[in-house]
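# The sequence and its predicted three-dimensional model are supplied below.
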Amino acid sequence: MTQHVGGHGDSPVGAEASSPGAGSPPGSGGSSFHTMWRDLLPIGRNPASGGYRRFAWTGADLDCRAWFKEQAEARGLGYEVDRNGNQWAWLGDPAAGDAVVTGSHLDSVPDGGAFDGPLGVVSSFAALDELRGRGVRFAKPLAIVNFGDEEGARFGLACVGSRLTAGQLTVEGAHRLTDGDGVSLPRAMEAAGYDPDGIGADPERLARIGAFVELHVEQGRALDLSGDRVGIASAIWPHGRWRFDFRGEANHAGTTRLVDRRDPMLSYAETVLAARREAELAGAVATFGKIAVEPNGVNAIPSLVRGWLDSRAEDQASLDAVVGGIEKAARSYAESHGIDLDVVRESFTPVVEFDHALRDELGRILGKDTDLTVPALGTGAGHDAGILSGTIPTAMLFVRNPTGVSHSPAESAAEDDCVAGVLALADVLEGLASR
């Protein structure tokens, strides 16, 4: 029976699993993967849920950053932090240009799984170890990156580090970001020991990069259903986040007649059900996963119910139809209950078609002298690679997820699949950077 580098319960994820490097030559990428995975696992883990709380610019995030720096320095790589707080580990001269970059992120959603993000970073270092063990000589600079605040769990906007770097988030927009306690992004960076004055677009850094390849655990079951260990991303669905503010009238829950109430919770609840219906009709997804209520008292009728909608679809027309249908239903429900409604789009990412030439090159590399079949598949999940795709050639590799569960402590991947991902990434980096 296949063992898993993952799971949940009282023990740290993967702590008792046998080495992912089983059967690999000493000093190989598979062996180093297990060592790094074991060292990273305890950081930011919530013992009550078994999930992770590695939020941007918190203590857990700083511990992850320290881990990254240690891995870079242990390998003799040039280490630096860019103006937006992203970490870089360089092999070769960054100024030479046409660099091949790999990596992902180390932060998490609230009580998220161990693999989303960290699998790509750990696999990147392990792939470099594998290539050094092979004696590969690089003709181009190689870098490993940890992008900051990819999940957006603290400030509500995903991919902050890569968005700032690519100029998709302005300095003014970044300064307006605040967490649930009202702490702004610049204040959080400063409190963590980083200078926020320099944040902003970084075209000079991006101009150094010839290709970016991100490895990620699959957030779905396509590879499990096809029986493949590794896949290549074809596209990222268009997706966005919308805030729905339902404003009614606070009142006493025990003395106010039902007919006299302006209860925004009713309109919100009906809108949640409408979102499910609209998504089913369009073959898309729509989720109200976050809510804030004022005054938030058990014996008080709410004055405000604020819900955040996340919606994704295979194409723009379908996404527009879903969100438009949800908003139309919400306004109808609000009007019938005497509720005021504001809808604000907080973020949006259009469809991402990964660079076809780079994607095809990955397929050629992995299809040569290997027993892997590597299907191309789309995804509804956003990634740093998608943000950067408008500026530099990007591609993604997915590692099979046996359950398809993600953003949960139950997220997992099998040992042999993790090693297959490391070896596939090593083959790709060798193919791209050694000539």
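Received the coordinates, thanks.
# now the helices for the protein?
With helices called from DSSP state H, the chain shows them at 29-40, 59-74, 118-134, 160-166, 171-176, 185-191, 203-207, 222-226, 264-282, 316-336, 356-367, 384-388, 415-433.
# which other helices and strands contact the longest one?
Applying 3 or more Cβ pairs under 8 Å, 6 or more residues apart in numbering; DSSP states H and E, we find helix 316-336 packed against strand 239-247, helix 264-282, strand 285-294, strand 304-312, strand 340-349. C-beta: built from backbone N, CA, C; applies to glycine.
# Let me see the confidence value for the closest residue in space to residue 233 that isn't next to it in sequence.
With sequence-adjacent residues excluded and distances taken as Cβ to Cβ, 6 or more residues apart in numbering, residue 233 is closest to residue 396, at 3.6 Å. Residue-level confidence at residue 396 comes out at 97, pLDDT.
# so what's residue 396 bridging to?
Beta-bridge partners for residue 396, by DSSP bridges, are residue 214.
# Residue 46: neighbouring residues, count only.
The number of residues packed near residue 46 is 15, by other Cβ atoms under 10 Å.
# Quick check: pLDDT value at it.
On pLDDT, residue 46 comes in at 96.
# Surely it and residue 109 touch.
No. Residue 46 is not in contact with residue 109 according to Cβ atoms under 8 Å; the separation is 11.9 Å.
# Now tabulate the helices of the chain in TSV and tack on distance to residue 85 and mean neighbour count.
Formatted as TSV, the helices of the chain follow (distance: least, Cβ to Cβ, whole Å; neighbours: other Cβ atoms under 10 Å):
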stretch	distance to residue 85	mean neighbour count
helix 29-40	19	22
helix 59-74	9	18
helix 118-134	15	25
helix 160-166	6	27
helix 171-176	11	14
helix 185-191	6	18
helix 203-207	13	13
helix 222-226	32	16
helix 264-282	34	19
helix 316-336	30	18
helix 356-367	27	16
helix 384-388	13	27
helix 415-433	24	24
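# hey, least reliable of those by pLDDT?
When those are ranked by mean pLDDT, helix 29-40 comes last with a mean of 90.
# any idea how far residue 38 is from residue 300?
48 Å (Cβ to Cβ, to the nearest Å).
# returning to what we had before: please name whichever of the helices and strands packed on helix 316-336 is nearest to residue 133.
Nearest to residue 133 among those is strand 340-349 (37.7 Å), distances taken as Cβ to Cβ.
# That closest one pairs with which strands, parallel or anti?
Here strand 340-349 has these sheet partners by DSSP bridges: strand 239-247 (antiparallel).
# so how far is the first residue of stretch 404-415 from its last?
Its first and final residues considered, stretch 404-415 spans 16 Å by Cα to Cα, to the nearest Å.
# Buried ones in that stretch, by neighbour count?
By neighbour count with 16 or more other Cβ atoms under 10 Å, stretch 404-415 contains the buried residues 405-409, 411-415.
# And those, which two are furthest apart?
Among these, the pair separated by the greatest distance (Cβ to Cβ) is 407 and 415, at 21.9 Å.
# Excluding sequence neighbours, find me the nearest residue to residue 314.
residue 237 (5.6 Å).
# pLDDT at residue 17, what is it?
Looking at residue 17, its pLDDT reads 27.
# hmm, back to that, would JSON lines of the helices and strands packed on helix 316-336 with distance to residue 64 be doable?
Listed next are the helices and strands packed on helix 316-336 as JSON lines, based on distance: least, Cβ to Cβ, whole Å:
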{"stretch": "strand 239-247", "distance to residue 64": "24"}
{"stretch": "helix 264-282", "distance to residue 64": "34"}
{"stretch": "strand 285-294", "distance to residue 64": "23"}
{"stretch": "strand 304-312", "distance to residue 64": "25"}
{"stretch": "strand 340-349", "distance to residue 64": "24"}
